[in-house]
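Asks: For reference, the sequence and a predicted model appear below.
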Amino acid sequence: MKIYNTLTRKKEEFKPIEEGKVRMYVCGPTVYNYIHIGNARPMIIFDTFRRYLEYKGYEVTYVSNFTDVDDKIIKAAIEENTTAEEISTRFIKECKKDMADLNIKPATTNPLATNEIAGMIEMIETLIEKGYAYAAEDGTVYYRTRKFDGYGKLSHKNIDDLEAGHRDIKVTGELKEDPLDFVLWKPKKEGEPYWESPWCKGRPGWHIECSVMAKKYLGDTIDIHAGGEDLVFPHHENEIAQSEAANGVPFANYWMHNGFLNINNQKMSKSLGNFFTVREIGEKYDLQVLRFFMLNAHYRTPLNFSKELMDVAKNSLERIITAAENLKHLSGVTEKEDMTGEENELFEQTELFVKKFEAAMDDDANTADAVASVFEFVKFANSNASAESSKAYLEAMYQRLFTLCDVLGIIVERKQEILDADIEKLIEERQMARKEKNFARADEIRDTLLEMGIVLEDTREGVKWKRA
Ligand code: AMP
Ligand code: ZN
């Protein structure tokens, strides 16, 4: 299996540190709002990659953090007149719900930054002892960037060019030795959450949390570190500087980065305001469609989001689900039990699609080609299965389709789906029934909706509904 490694800028044969095991770390979201569909791209991509590793027999330890202390969280808390903890707890819960709806397997561990402060202080102390960090007068601790020889090796930046860039920015009031130095620990400001430390009451910088969590949950050297390409510099570059200086060994053997999800060729981001939340998209489409849409592109290429492409993805996914449904239906109605010799041969022919699927995934997780081989299978199944086929053959075909889709995180069993417009229609009908004092019908509609996970709430402004 080959992985494109950002560190070497080459596709490399994957060799885990320990045979049969993979230790993988994926940088998770900062939790101050609902996640947008750009944030969902790394989640979907690296979950699919993890599923494929498991399909190949690896035991994967998958760690992905939640950044639950950060300026943006504190700002959101001030705006809502609540605590940072309340904000982060709420949005971690919402994020986990979105991830479940996207069929993302729960991580082995989802550490929270605020639970790992002691480990961060310990690593910062080690860095100070080794001369890689220093505390300034005001209690801020900085990383001594120039001291780390390999700085720039991931982002392929030259340290002198970086320095030139930084010199243009005049930062007043900073007590850094060098403009390139970055923050490991900073003093608290009025009203902010803080922790005691040897340097001052304060909180950690962002980069240190990932170095500490990766070390604690996966070890000093890990197999794969992943995230969106905006994290290459400075976040991942700084993680390498911290971890390698503190631990004295290479940090991650393979670095994987996904390309951006764009809108009109511009990165989708909270700050630009050009985003859709996963929740919003979930009101219009089954979130499997979003997952499938993302898998139709290679993870390293930029991907433009549009309604048209989502509708294409919806129709394509429908073809797969219909084929699976058909195989299942036929196996329920056929009267023949055992596979014939001819069927056995047909089934063996489908081995080719499995091989193509694996070859695609082995080639730096080329999910687009993997999906294409699933379609080849579907076409074959549609023309080589009927009520005349045996149950054993139909079941084997179904199982094969199920397995390939499961690697992609696509569920082939049809879910009962109801669209916003249909919900509104039923609510209107319920209102009419109530007016006509047909309460039995009104209750019936309410129960039907509830079975589909739609909760109604009668308020003074009218009927409100939400998906449970
Ligand atoms: P953040 O909460 O901004 O730190 O982002 C969490 C993860 O989402 C990181 O791995 C980012 O690289 C990734 N990400 C953010 N925006 C996008 C986007 N538009 N396309 C792809 N990945 C993104
Ligand atoms: Zn990180």
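Replies: Okay, I see it. Numbering: from 1, shown residues only. Ligands and ions are numbered 1, 2, ... in the order given.
Asks: who in the protein is up against ligand 2?
Replies: Contact residues (CB under 5 Å from the ion) of the chain with ligand 2: 27, 210. Heads up, the C-betas are built off the backbone N, CA and C, glycines and all.
Asks: got the residues of the chain near ligand 1?
Replies: Residues of the chain found near ligand 1 (CB under 6 Å from any ligand atom) are 27, 29-30, 38-39, 41-42, 227-228, 230-231, 258, 260-261, 267-269.
Asks: Helix, strand or coil: sort out Val378 for me.
Replies: At Val378 the chain is in helix, as set by DSSP: H, G, I helix; E, B strand; the rest coil.
Asks: where's the one residue in the stretch 101-250 of the chain that gets nearest to ligand 2, which helix or strand?
Replies: At 3.1 Å from ligand 2, Cys210 is the closest residue in the stretch 101-250 of the chain, using CB to the ion. Element membership for Cys210 (DSSP states H and E) is helix 206-218.
Asks: That helix - contacts with which helices or strands?
Replies: Other helices and strands packing on helix 206-218, by 3 or more CB pairs under 8 Å, 6 or more residues apart in numbering; DSSP states H and E, are strand 21-26, strand 59-64, helix 117-129, strand 182-187, helix 237-247.
Asks: how about the ones you listed in CSV, adding distance to Asp420?
Replies: Formatted as CSV, these follow (distance: least, CB to CB, whole Å):
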stretch, distance to Asp420
strand 21-26, 32
strand 59-64, 31
helix 117-129, 43
strand 182-187, 45
helix 237-247, 42
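Asks: quick one: which of those is nearest Ile454?
Replies: strand 59-64 (30.7 Å; CB to CB).
Asks: so who does Cys405 touch?
Replies: Shown in contact with Cys405 (CB atoms under 8 Å, 6 or more residues apart in numbering): 320, 324, 374, 411-412.
Asks: Asp338 now?
Replies: 390, 392.
Asks: so it, which of the three states?
Replies: Once three-state DSSP is applied, Asp338 turns out coil.
Asks: Tell me the spacing between it and ligand 2.
Replies: Taking CB to the ion, to the nearest Å as the measure, Asp338 falls 54 Å from ligand 2.
Asks: next one: Glu436
Replies: To ligand 2, Glu436 is 59 Å away according to CB to the ion.
Asks: Give me the pLDDT for the residue lying closest to Pro193 once chain neighbours are set aside.
Replies: Spatial nearest neighbour of Pro193, excluding adjacent residues (CB to CB, 6 or more residues apart in numbering): Ala84 at 5.2 Å. Ala84 carries a pLDDT score of 94 in this model.
Asks: All further residue positions should be reported with the first residue as 23.
Replies: Renumbered: residue one is now 23, and that last one reads Ala106.
Asks: Now for Ala106: which residues touch it?
Replies: 90-91, 95-96, 98-99, 214-215.
Asks: With Arg463 instead?
Replies: 452, 455.
Asks: how about a cut-off of 7 Å?
Replies: Contact analysis of Arg463 by CB atoms under 7 Å, 6 or more residues apart in numbering lists Ala455.
Asks: how would you label it: helix, strand or coil?
Replies: Quick answer, by three-state DSSP: Arg463 is helix.
Asks: Okay, Asp69 and ligand 1: tell me how far apart.
Replies: 13 Å (CB to the nearest ligand atom, to the nearest Å).
Asks: Make sure that residue is actually in contact with Leu124.
Replies: No: in this structure, Asp69 is not within contact of Leu124 by CB atoms under 7 Å, at 8.0 Å.
Asks: hey, what's Val85 bridged with?
Replies: Beta-bridge pairing for Val85 (DSSP bridges): Tyr47, Thr131.
Asks: Do you know the pLDDT at the closest residue in space to Leu176 that isn't next to it in sequence?
Replies: Once flanking residues are discounted, Leu176 sits nearest to Glu259: 5.1 Å by CB to CB, 6+ apart. In this model, Glu259 is scored at 97, pLDDT.
Asks: Show the contacting residues for Glu259.
Replies: Glu259 sits next to 173-174, 176-177 when contact means CB under 7 Å, 6+ apart.
Asks: Which one of those residues is nearest to Ala414?
Replies: Distances from Ala414 to the contacts of Glu259, taken by CB to CB, are shortest for Leu176, at 51.8 Å.
Asks: Would you check that the closest one makes contact with Thr30?
Replies: No: if you go by CB under 7 Å, Leu176 and Thr30 don't touch, sitting 9.9 Å apart.
Asks: How about whichever residue of the stretch 273-422 of the chain sits closest to ligand 2, nearest residue that isn't a chain neighbour?
Replies: Taking CB to the ion as the measure, the point where the stretch 273-422 of the chain comes nearest ligand 2 is Ala274, at 11.0 Å. Closest residue to Ala274 apart from its sequence neighbours, by CB to CB, 6+ apart: His247 at 3.7 Å.
Asks: can you map out the helices along the stretch 373-490 of the chain?
Replies: 373-384, 389-405, 413-430, 442-457, 461-473 (DSSP state H, counting those that start in this stretch).
Asks: Can you say which of these is packed in most?
Replies: helix 413-430 (a mean of 20; mean count of other CB atoms under 10 Å).
Asks: give me the residue from the chain nearest ligand 1.
Replies: Closest residue of the chain to ligand 1, CB to the nearest ligand atom: Gly250 (1.9 Å).
Asks: is that residue in a bridge, and if so with what?
Replies: Asn280.
Asks: what about it, how many neighbours?
Replies: By other CB atoms under 10 Å, 20 other residues sit near Gly250.
Asks: check contacts around it.
Replies: So Gly250 contacts 64, 279-280 (CB under 7 Å, 6+ apart).
Asks: Most neighbours of all the residues you listed, which one?
Replies: Ranking those using other CB under 10 Å puts Asn280 first, with 28 neighbours.
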